[in-house]
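> Coordinates only, no sequence provided:
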């Protein structure tokens, strides 16, 4: 026994290494398979003599499967890899517990799998695939001790699994519209498979169990034995929700070091069985030849599609080996040809073309460009780097503006300084771009939301996503999620008419919602558009008057009326649903966007629809600002809000009752606000003809701000003024100007409010 | 032990806890002390950016190596006569505890004197001045070198209701 311990330790480490190799295996990954087999042999040589018959069988079968994979004798590659990982995880259990789990569910699953693949050589001790009574699950305590061994691995799994689940959700919604789309079924099947595999590796039996159930359900659909119907989709979505709960629980358990909760999976499992038995015969199922690409899943699917393509390059062409396809009988599943993969991203609907041999190198290039090696870095480090880069840029401009330095006229110094400034600017750009992530993931979260909302409100809604690859500051992604949810909810619930009403109006029965993201003029722009009834301005105005937000007789432009919906507590919904219309939300949306230094615009046409446009800065850390001089202070105005700058002629300046001041810009009258008075600095009574007026716009309203001078336009790094100054109206933050002093950044919402007071 | 005696005992205990090193500075001919553990650094006077809509004693914000921190004039804060800033005027950067965690702030003082080790035996509780003067900012009064040093509870000076006042003004 004494030398047993180190021996088993060695064995366990060996097996863990083996498990890792299996997890990393990709299709057609010959070197990986080779390494796997070598590793397997090595472990076999160190096996203790008293290993049971099952262990010997397992080793033999694993080797067999590995060899067959290399020789491409096994058609369903994914299934074979799955078998390998099941086998290795069984061995791990054996090494850990010093007894082979011959009675456990995984072993039976494995044996069934092995039989299906035809790697079983009649051996004793292999249970037949007759379904037996549910095996006792392994004791929970023993398994959970495993989770904490590598918390980082588990944390990564949680993040990845969540991404997979999101992909699954959007895939399912697509599938609901086109239940025969085999690619879509595959796109949903694969992530379940991955989640299951990793959960098994990490010893998370419940997650593994549930994903396995759902995967097997989808497998039936894949092979045409089960028709995808709304109840099936609902069931899978319910499963996804349960999995999400489990992941939440896992995360909590991980951070609190508490044991995992046990979830009751029986209801889902029962329903799965029911559906499986009641499944429609495959006769009704006919794979469609020209399948439109599953647009919603394009992003999530891309990697896998490309991987397959790569694998395909090494493997014989699909035309000659239709059997090499997964179990699905359809030729339509044949690997998506290059053209189509590209189009998936662009969302051009076109039937897949036959893969032309000439396009093969292109695939390579595309995949190289799409899948660069990546490195996971703690976000705090990146944030710190971005901050420090901001400092460096400022420090550099301080050096350049040093009065002593300015007296030196040395061409070399000039050149060196210019070089330094080029490098720092570039460094800043790079560090900033490190924090950028594609917005697609956030947009795709809306797919499920829209589906559920449409269900609830009994409307038929089509969601169109555009520009998923648009990059946005990672810190901003989380913040814009809630506003987006609000806007999408409003679009579906308020914007779109019920189907009957649409038909009566001669519109298409299904409503359309577009989510578009794109870059424009140094901003990230997100459009939320629907083709519904448009804002009812009369009702908004009536409501606003009722609430006392607008005085009777007050003249408002259409834009100003539209912006009334952002007032706190404003809602025109006739009936309050649990979806929206409670009068909260829109003001929160506006506040959140403004806090991000962004703007929100409304474009609405009666009976044609409404479009909300969110204009956000590329990053939260930097804004484009105009530095203005007011008295002896300098303030920074967000450049995006400044419409024009002018020095008013005496004939364009009017006072109202000696108090209010107005200037005329072309034919428009604009109220004037003296920043000198507001901030009690400098000469508050200077004639406007000697000063500059900055015409700024905010929520459709315009205001002239009186300043002494414009000192320049520059990008400024936004710094918090700290909590003590958080509530001061009119200030958005501070920044460090070229001379090292602090300049205050003005917040237009606050300035406008102060101007009204 | 009588109630009064127990209270005295307790007070002297808590006064003993206050012994330690203090940074002393002067403010209009008075000597003050700040717990050295609260002090981050001492910097010379620099240009301060005024922040609108704040009480008079809030001088504004400065750039402390890339961080924006508020600066408060202690003379004005304590209702003393304002003074021109001169060669010896300093900003003491302190770290105070607020509800949101530690916050750095600058306080403007006439001049910094020295770091003193003050014995618990030399510290007396802040006397009550009735309604004329609130003593809530005062940890205690220390006798040292034939004079007295007013030991400040800087957390109280710069946060809580005082800052709330600032917020009301601002909001």
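Looks like it came in fine. The structure presented is a predicted model; accordingly, all values stated were derived computationally and were not measured.

> Point me to the helix or strand that includes residue A:463.
Using DSSP states H and E, residue A:463 sits within strand A:461-466.

> From chain B, how far out is residue A:485?
28 Å (Cβ to the nearest Cβ, to the nearest Å). (Glycine included, C-beta is placed from N, CA and C.)

> between the helix or strand encompassing that residue and strand A:461-466, how many degrees?
For residue A:485, the host element (DSSP H and E) is helix A:474-490. Angle of helix A:474-490 versus strand A:461-466, following axes from the mean of the first three to the mean of the last three Cα atoms, to 10 degrees, is 150 degrees.

> And the contacts of the following helix or strand past helix A:474-490?
Note on helix A:474-490: by DSSP H and E, the next helix or strand toward the C-terminus is helix A:499-504. By Cβ atoms under 8 Å, 6 or more residues apart in numbering or on different chains, the list of residues contacting helix A:499-504 from outside reads A:458-460, A:496, A:508-511.

> Among those residues, name the buried ones.
A:459, A:496, A:511 (16 or more other Cβ atoms under 10 Å in any protein chain shown).

> Tell me the residues on chain A that lie near chain B, please.
A:387, A:390-391, A:394, A:633, A:678-681, A:719-731, A:733-734, A:736, A:740-744 (Cβ under 8 Å from any Cβ of the partner chain).

> ok, back up a step: list the buried residues of the helix holding residue A:485.
So, applying 16+ other Cβ under 10 Å, buried residues of helix A:474-490: A:474-476, A:479-480, A:483-490.

> what's the answer for stretch A:215-235, then?
Buried residues in stretch A:215-235 (16+ other Cβ under 10 Å): A:215, A:217-224, A:226-229, A:232-233, A:235.

> can you check stretch A:89-101 too?
A:89-96, A:100-101.

> buried subset of the residues of chain A next to chain B?
A:387, A:390, A:394, A:633, A:678-679, A:681, A:719, A:721-725, A:728-731, A:733-734, A:736, A:740-744.

> Looking at those, which are in helices?
A:387, A:390, A:394, A:678 (DSSP state H).

> Can you tell me which of those lies closest to residue A:609?
residue A:678 (39.8 Å; Cβ to Cβ).

> so who does the closest one touch?
A:730, A:751, A:754-755, B:52.

> out of these, which are inside strands?
Per DSSP state E, strands hold no members of the contacts of residue A:678.

> Of those residues, which pair is most distant in space?
A:755 and B:52 (13.7 Å).

> wouldn't residue B:150 be in contact with residue B:30 here?
Yes. Between residue B:150 and residue B:30 there is a contact at 6.5 Å, judged by Cβ atoms under 8 Å.

> Between those two, tell me which one has more neighbours.
Between residue B:150 and residue B:30, counting by other Cβ atoms under 10 Å in any protein chain shown, residue B:150 is the more crowded of the two (19 against 14).

> On the three-state scheme, the residue nearest to the more buried one when sequence neighbours are not counted is what?
The shortest distance from residue B:150 to any non-neighbouring residue, by Cβ to Cβ, 6 or more residues apart in numbering or on different chains, is to residue B:32 (4.9 Å). Following DSSP: H, G, I helix; E, B strand; the rest coil, residue B:32 is assigned to strand.

> Contact partners for residue B:32?
Contacts of residue B:32 (Cβ under 8 Å, 6+ apart): B:24-26, B:74, B:109, B:149-152.

> What score does the closest residue to residue A:450 other than its chain neighbours have for pLDDT?
Leaving aside its sequence neighbours, residue A:450 sits nearest to residue A:463 (Cβ to Cβ, 6+ apart; 4.5 Å). The per-residue pLDDT reported for residue A:463 equals 89.

> follow-up on the earlier one: buried residues in the strand holding residue A:463, which are they?
Result for strand A:461-466 [16+ other Cβ under 10 Å]: buried residues A:461, A:463, A:465-466.

> Partner strands of that strand, with direction?
Strand A:461-466 has the following strand partners under DSSP bridges: strand A:511-520 (parallel).

> before we move on, the earlier item: of the contacts of residue B:32, buried ones?
B:24-25, B:74, B:109, B:149-152.

> Show me these that map onto helices.
Going by DSSP H, the helices hold residue B:74 from these.

> and which of the buried ones among the contacts of residue B:32 is nearest chain A?
The shortest gap between chain A and any of the buried ones among the contacts of residue B:32 belongs to residue B:74, at 15.7 Å (Cβ to the nearest Cβ).
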